[in-house]
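Visitor: quick one: sequence plus predicted model below, questions after.
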Amino acid sequence: MHPTDAELWAGALGYLLPPVIAIVAQPRWSGAVKGLLMLVVAVLDGLGTAYFNGEFSGKDIVTCILTAAIAIGVAYRTVWRPSGIAPGIERATSTGGAPAGQPRGV
């Protein structure tokens, strides 16, 4: 089975989305909250790519969402986190407060 255009777009966009997610995510948020944010973005990615590629039906939508979620997770763990780009964006766009377990400066 070959991937559809919608699935390919969902994966490609998912690979590029971790820095965008990092703009919203805050360093002090728990891993569960950041994971939930990633899933919300994956759902939006999957819905959008399925819709704009004319494949907006049950199985196609679910496949696009899952493809986006996997692409976001793999890209974050293999490229964006090790390079320090995503964590740096999180710190730079933080609205205040220190991450959990980090001492506050005086």
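Guide: Thanks, I have the structure now.

Visitor: contact partners for residue 20?
Guide: Residue 20 sits next to residue 41 when contact means C-beta atoms under 8 Å, 6 or more residues apart in numbering. Just so you know, the C-beta spots here come from the backbone N, C-alpha and C atoms, and that holds for glycine as well.

Visitor: okay, and it sits in which element?
Guide: Applying DSSP states H and E as the criterion places residue 20 in helix 18-24.

Visitor: mind listing the helices for the protein?
Guide: 5-16, 18-24, 31-52, 58-75, 85-92 (DSSP state H).

Visitor: could the ones you listed go into a markdown table alongside mean pLDDT?
Guide: Compiled in a markdown table, the helices of the chain are given as follows (pLDDT from 0 to 100):
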| stretch | mean pLDDT |
| --- | --- |
| helix 5-16 | 96 |
| helix 18-24 | 96 |
| helix 31-52 | 96 |
| helix 58-75 | 96 |
| helix 85-92 | 94 |
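
Visitor: can you get me a residue count around residue 41?
Guide: By other C-beta atoms under 10 Å, 20 other residues sit near residue 41.

Visitor: distance check, it against residue 60.
Guide: Applying C-beta to C-beta, to the nearest Å, the value for residue 41 to residue 60 is 19 Å.

Visitor: show which residues not belonging to stretch 78-91 make contact with it.
Guide: Applying C-beta under 8 Å, 6+ apart, the contact partners of stretch 78-91 are 15, 18-19, 21-23, 25-27, 76.

Visitor: now with 10 Å?
Guide: Residues outside stretch 78-91 that contact it (C-beta atoms under 10 Å, 6 or more residues apart in numbering) are 15-29, 34, 72, 75-76, 99.

Visitor: quick check on those: which are buried?
Guide: Using 16 or more other C-beta atoms under 10 Å as the burial test, the contacts of stretch 78-91 include 15, 17-19, 21-22, 25-29, 34, 72, 75-76 as buried.

Visitor: now the two most distant members of those residues.
Guide: The distance between the two most remote of the buried ones among the contacts of stretch 78-91 (C-beta to C-beta) is 26.3 Å, for 15 and 28.

Visitor: residues in contact with the residue lying closest to residue 26 once chain neighbours are set aside?
Guide: Leaving aside its sequence neighbours, residue 26 sits nearest to residue 94 (C-beta to C-beta, 6 or more residues apart in numbering; 5.6 Å). Contact partners of residue 94, counting by C-beta under 10 Å, 6+ apart, are 25-29.
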